[in-house]
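Enquirer: Show me how the following folds:
(2 chains)
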Amino acid sequence: MLTIYNTLARAKQEFVPIEPGRVRMYVCGMTVYDYCHLGHARVMVVFDMVARWLRASGYRLTYVRNITDIDDKIIKRAGENGEPIRALTDRFIAAMHEDAEALGVERPDHEPRATDYVPQMLGLVDALEQRGLAYVAGSRDVCYAVRKFPGYGRLSGKSLEDLRAGERVDVMEGKNDPLDFVLWKHAKDDEPAEVKWDSRWGQGRPGWHIECSAMSSQLLGAHFDIHGGGQDLQFPHHENEIAQSEGAMDPNEGGTFVNYWMHNGFVRVDNEKMSKSLGNFFTIREVLKSYDAEVVRFFILRAHYRSALNYSDAHLDDARQALSRLYTALKGFDAEPRVNWDDAYARRFRDAMNDDFGTPEAVAVLFDLANELNRTRDAALAAQLKGLAGILGLLQRDPVAFLQAVPATSAGPAAADIEALIAARAAAKKAKNFAEADRIRDELRKHGIVLEDSAGGTTWRRA
RNA sequence: GGCGCGAUGGCAGAGUGGUUAUGCAGCGGCCUGCAAAGCCGUUGACGUCGGUUCGAUUCCGGCUCGCGCCUCCA
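Expert: Here you go, the predicted model:
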């Protein structure tokens, strides 16, 4: 039985899908005006893991992760670059796909682009206006009247009184209430034609929040099972999505927009949230210059998805060492991944994953398995290890290839040169010239190459 | 100011009302020409003050510290 920590309930709950055997999941994706950073990597990896586990559990899953390709920052960036918006967003979508693929993140079933769903957004705004939840503000923007939606604040645990809008931010002129948010932004003269859509409120473009309500209902229906995203989206974004989606429903039908809300924790740097605005972010591609992408994935998955995750080189080094141990255990086996669910390790793994996606415990099971594999060298255990790890998207490569992989930036010695030195050392060893053999080994060690002698000969790996 | 989350051994990071994960690092041993890897053993922890309990790191409350949201943000 799967339990999920539901932000809406602030507790773990048994997961019961709306339709037996079928799961519909929507995750808020990226705004594509720049390269993805490690915070984005975490969302992608975490919900990829969730998707994999749901499928491994036998559910038929439809997974949607959207792309925001229209908003203020995109318009600004395109203007700065002097390029069309579409060129900018296409470029960064391609980059995002490269990053995701490197991290072993499978493509969601749908990756809707906001600009392809403007008619659906307008339909929602229309419905909201008809139900008296939307109005045209003095700025000519169409806004949502937050006070008219009874459950506002339920997800984030904030009451309208607590929010005290205006405390930190200047209130936008023309809104009835400071907390009201924009559904449809009225076009400005200096904006490019590319960001103007016709509507019965005049030319304009969608507000950010309405995008997700429109795309999710179009692709998953008005009610679905799981909605995910980073913790920072809890308020106001997800709160607003609920207000929009439930507010636009036929009052006679009503019902709950989403049953389970999942939020992953932040990636931090020096104990502070990694973010664009703080400027303390590392892009995925930057990190991948010095670390193997699987190490980054392992680093993310060895922590629980809801906890904060501190990023540093030292921690990635540590993750790399740990992952090497797993691959080392698999060395020498040409194992096909195969899970035997009757086995005690597999059961522990499953219990861990079913407990709100407990990947730290699941990873611990992998290490226990590796330990027994090292002792017994039993091929069935190797298949089991590779099978369970595969559910997490780990350990599917050739072990030697992983252990010898070179980070993109540090150009270590070529494999052929290393092999030549190993041969020379073997000759020296045979002649009992241990001083020379050790000299060669020390020489290679200086270049980050570690030699390992065994009965079958000498192998090497990158330190 | 309001709301929320957290504090675990040198580091990372789970978990549990009593037997105290997992990884890295350390220490001792086995293996090895010597190493490395691996194996065996081992040191070491639950912020603080109270309460509940036969027993609390685990439950409850106060305090301290850290972080996040209340603005765009994964």
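
Enquirer: okay, how far is it across stretch A:105-121, tip to tip?
Expert: When the termini of stretch A:105-121 are compared using CA to CA, to the nearest Å, they are 29 Å apart.

Enquirer: List of residues touching stretch A:346-361?
Expert: A:1-5, A:12, A:49-50, A:53, A:57, A:301-306, A:339-341, A:362, A:364-366, A:384, A:388, A:391-392 (CB atoms under 8 Å, 6 or more residues apart in numbering). (C-beta placed from N, C-alpha, C; glycine too.)

Enquirer: show me which of the residues you listed neighbour RNA strand B.
Expert: The residues of the contacts of stretch A:346-361 that also fall near RNA strand B, by CB under 7 Å from any atom of the strand, are A:Arg302, A:Ala303, A:His304, A:Ala364.

Enquirer: Could I have the PyMOL command that selects the buried members from the contacts of stretch A:346-361?
Expert: The following PyMOL line selects those of these that are buried, judged by 16 or more other CB atoms under 10 Å:
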select buried, chain A and resi 2+4+5+49+50+53+301+302+303+304+305+339+362+365+366+384+388+391+392
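
Enquirer: Tell me which of the contacts of stretch A:346-361 fall in strands.
Expert: A:Thr3, A:Ile4, A:Tyr5, A:Lys12 (DSSP state E).

Enquirer: Could you pull out the strands in the stretch 351-463 of chain A for me?
Expert: Assigned strands in the stretch 351-463 of chain A, in chain order: A:449-454, A:457-462 (criterion: DSSP state E, counting those that start in this stretch).

Enquirer: Can you tell me which of these is nearest to RNA strand B?
Expert: Comparing the strands of the stretch 351-463 of chain A against RNA strand B with CB to the nearest atom of the strand, the closest turns out to be strand A:449-454 (3.2 Å).

Enquirer: so for that closest one, what's the average pLDDT?
Expert: Here the mean pLDDT over strand A:449-454 is 93, rounded to a whole number.

Enquirer: and if you look at stretch A:201-215?
Expert: 97.

Enquirer: And A:Met295, how far from A:Leu326?
Expert: Actually, residue A:295 is Val rather than Met. Shown here: A:Val295 relative to A:Leu326, a distance of 11 Å by CB to CB, to the nearest Å.

Enquirer: A:His315 too?
Expert: According to CB to CB, A:His315 stands 17 Å off from A:Leu326.

Enquirer: The two: who's more crowded?
Expert: A:Leu326 (22 against 14; other CB atoms under 10 Å).

Enquirer: Name the secondary structure element that contains A:Met262.
Expert: Applying DSSP states H and E as the criterion places A:Met262 in strand A:258-264.

Enquirer: Off-centre distance for the helix or strand just after that strand?
Expert: Helices and strands here follow DSSP H and E; after strand A:258-264, the next one along the chain is strand A:267-269. Its chain's average C-alpha position is 14 Å from that of strand A:267-269, according to CA atoms, centre = their mean, to the nearest Å.

Enquirer: what packs against strand A:267-269?
Expert: helix A:38-56, strand A:309-311 (3 or more CB pairs under 8 Å, 6 or more residues apart in numbering; DSSP states H and E).

Enquirer: Now look at the following helix or strand past that strand and say if it contacts RNA strand B.
Expert: Past strand A:267-269, heading to the C-terminal end, the next element that is a helix or strand (DSSP H and E) is strand A:272-273. Yes - using CB under 7 Å from any atom of the strand, strand A:272-273 reaches RNA strand B at A:Glu272, A:Lys273.

Enquirer: Give me the contacts around strand A:272-273.
Expert: Defining contact as CB under 8 Å, 6+ apart, one finds that strand A:272-273 is touched by A:Gly39, A:Asp232, A:Phe266, A:Val267, A:Leu278, A:Asn280.

Enquirer: And the average pLDDT for it is what?
Expert: Averaging pLDDT along strand A:272-273 yields 95.

Enquirer: For RNA strand B, what's its nearest residue on the stretch 251-400 of chain A.
Expert: Residue nearest to RNA strand B within the stretch 251-400 of chain A: A:Ala322 (2.7 Å; CB to the nearest atom of the strand).

Enquirer: check which helix or strand covers that residue.
Expert: Here A:Ala322, judged by DSSP H and E, is contained in helix A:313-330.

Enquirer: Report all helices and strands that that helix contacts.
Expert: Using 3+ CB pairs under 8 Å, 6+ apart, helix A:313-330 is in contact with helix A:293-301, helix A:359-376, helix A:379-391, helix A:399-404.

Enquirer: A:Ile300: neighbouring residues, count only.
Expert: Using other CB under 10 Å, the number of residues around A:Ile300 comes to 25.

Enquirer: for the stretch 101-250 of chain A, which spans come out with low pLDDT?
Expert: Counting by pLDDT under 70, the stretch 101-250 of chain A shows low-confidence ranges at A:164-173.

Enquirer: related to what we said a few turns ago, take the ones in strands among the contacts of stretch A:346-361 and write them to CSV, including pLDDT.
Expert: Written out in CSV, the entries for the ones in strands among the contacts of stretch A:346-361 read as follows (pLDDT from 0 to 100):
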residue, pLDDT
A:Thr3, 96
A:Ile4, 97
A:Tyr5, 96
A:Lys12, 94
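
Enquirer: Out of those residues, the closest to A:Tyr345 would be?
Expert: A:Thr3 (20.9 Å; CB to CB).
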